[in-house]
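Enquirer: Just need the structure, nothing else, for what follows:
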Amino acid sequence: MGLIKKLASQTAIYGLSSIFGRFLNYLLVPLYTYYFSAAEYGVVSEFYAYAGFFSVLLLFGFETGYFRFRDKEQSGKDFAYSTALIFVVIVNLGFFLGICLINAQLSAALHYSAHPEYVLCFSLILVLDAISAIPFARLRAENKAFRFASIKVIEILVTIFLSLFFIIYCPKLYAEHSAAWLSAIYDPSIGVGYIFIANLIASIVKFFLLAPQLKGWAWGFDRALFARMIRYSAPMVVIGFAGIINEMLDRALLKYLLPYDFQTNMKMLGIYSACYKLSILMTLFIQAFRYAAEPFFFAYADKSDARSVYANVLKFFVIFCVFIFLLVTLFIDFFKYFLGDEFRAGLEVVPILLMANLCLGIYVNLSIWYKLTDKTLMGAGVSLAGALLTVVLNVVWIPLWGYVGSAWATLACYAAMTIVSYALGQKYYYVAYPIKRILAYIVLGVLLYFAKVQLPINVNFPSWLLSLELLTLYLLLVLSFEKPWSSTINSR
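Expert: You can find the predicted model right below:
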């Protein structure tokens, strides 16, 4: 129980910073959806979809590889860190140089020939973020959660400030009078490009804040260690790339597969991407959990009770994720106001995407089997199968059902990957997960959601009160189910 509490505390530190920072960043969604049209927001969504793919390729799995091979001795030098950092820096500098050389042609191919600065700006964001990922991994490995969290929050605060400055303040000042200094930093024709500019400046600030960790490159490059790291990490690229296909491919494909004109397709892309943001609470929790759990799982693997701890971690993880699912879906009438009116047409995808993210979180927990047994190639196979399923379902379902088809494809993919990963994990790294209890919580959450949708609402009985009662019922049932387990632990 104490170990679960320790993991929970680490998750809380990462999570509070991530939730606080990302919640502030989440407040930008109303800004974007109220100040830009759905088609304009579709541009932003498309670039961030591409960013997901390149973030995997530019890091090359060396974040996880560093956790696997880092020097735990107090020798003052960590050659796994310096080797990973030098490699990632070289790869990213080469990438940025290549983008600079083909920027005009690439921008034209993406239908952004009028704004080649979009591609250049975004590629630089990718480079800075990829290089920064290795120092962040070191902070996590050294349990420096507070410094990790502080830098993340500062980055987001800078993004928010600059977004407000460029999107609200500058246009207002520009309309009132034209000042020389304003003309030097603001051009109305850039439009949504200021979202990218705000992100770029924030990434630069983050990069400089990580300067003390970046000095680690001076420890040198170990070729023998690099060979071991790249053999371990290469399959992680496949896994990560397949994961991004599952997560981001729908937004990259909607532009091309929706059966409308280009402008309407971009509008639909913007609506779907904005509604995807309403699953942010689930995403934030999974992200915070992953930050804390990955080093924890590796560090605790040799303990005699490791597998029972992993089983209980998954159970409580699912309990909390179902709570988030109910919180958002039962109170969707409140959450919808985070989006501009034009974007609320896509709210039907929110429950589907939340459930998809719940499956993803379970898969993250189950993935310890191939990481701890070094069977990363098999893990890559599961991810590739999921990616293939995502591609096929999106290609078939988008022309038929539009962005709703994309949402169902996401859920189908993550559910299938979870089932396959569980089956393989039971063979290669058996953990006695309480499957019946976990499935019962998920089914309970779904039933309570449908109860809210199907029950007739009396005009004198507020909808939010019914939602509160259903959410309370879930919590009471969880406490009832878990009381015997808690009593057993406390008695020990």
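Enquirer: Would you mind listing where the stretch 1-150 of the chain has pLDDT under the threshold?
Expert: For the stretch 1-150 of the chain, the stretches with pLDDT under 70 are 1-25, 71-77.
Enquirer: ranges for the helices of it?
Expert: 2-26, 28-35, 38-59, 62-69, 79-109, 116-141, 145-164 (DSSP state H, counting those that start in this stretch).
Enquirer: With the stretch 151-300 of the chain instead?
Expert: Under DSSP H, counting those that start in this stretch, the stretch 151-300 of the chain gives helices at 170-176, 180-185, 193-209, 211-214, 223-257, 262-276, 280-300.
Enquirer: could I get the helices of the stretch 1-150 of the chain as a markdown table with mean neighbour count and distance to L210?
Expert: C-beta: built from backbone N, CA, C; applies to glycine. Formatted as a markdown table, the helices of the stretch 1-150 of the chain follow (neighbours: other Cβ atoms under 10 Å; distance: least, Cβ to Cβ, whole Å):
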| stretch | mean neighbour count | distance to L210 |
| --- | --- | --- |
| helix 2-26 | 17 | 15 |
| helix 28-35 | 18 | 23 |
| helix 38-59 | 21 | 15 |
| helix 62-69 | 23 | 14 |
| helix 79-109 | 17 | 11 |
| helix 116-141 | 21 | 4 |
| helix 145-164 | 18 | 7 |
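Enquirer: Can you add distance to D333 and give those helices back as TSV?
Expert: Putting those into TSV (distance: least, Cβ to Cβ, whole Å) gives the following:
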stretch	distance to D333
helix 2-26	18
helix 28-35	16
helix 38-59	21
helix 62-69	39
helix 79-109	41
helix 116-141	35
helix 145-164	26
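Enquirer: Any idea which of these gets closest to N246?
Expert: N246 lies closest, by Cβ to Cβ, to one member of these: helix 38-59, at 10.1 Å.
Enquirer: if we can go back for a sec, which one, of the helices of the stretch 151-300 of the chain, ends up nearest to I131?
Expert: helix 193-209 (7.1 Å).
Enquirer: Same question for that closest one: list its buried residues.
Expert: By 16 or more other Cβ atoms under 10 Å, the buried positions in helix 193-209 come out as 193-203, 205-207, 209.
Enquirer: got the angle between it and helix 38-59?
Expert: Counting by axes from the mean of the first three to the mean of the last three Cα atoms, to 10 degrees, helix 193-209 points 30 degrees away from the direction of helix 38-59.
Enquirer: which residues touch the residue of the chain most remote from its centre?
Expert: What lies farthest from the middle of the chain is H177; by Cα atoms, centre = their mean that is 41.1 Å. Not one residue lies near H177 by Cβ atoms under 8 Å, 6 or more residues apart in numbering.
Enquirer: Can you give me the distance of it to S183?
Expert: 11 Å (Cβ to Cβ, to the nearest Å).
Enquirer: ditto for L384
Expert: Taking Cβ to Cβ, one finds L384 at 51 Å from S183.
Enquirer: try L314
Expert: Counting by Cβ to Cβ - L314 and S183 are separated by 56 Å.
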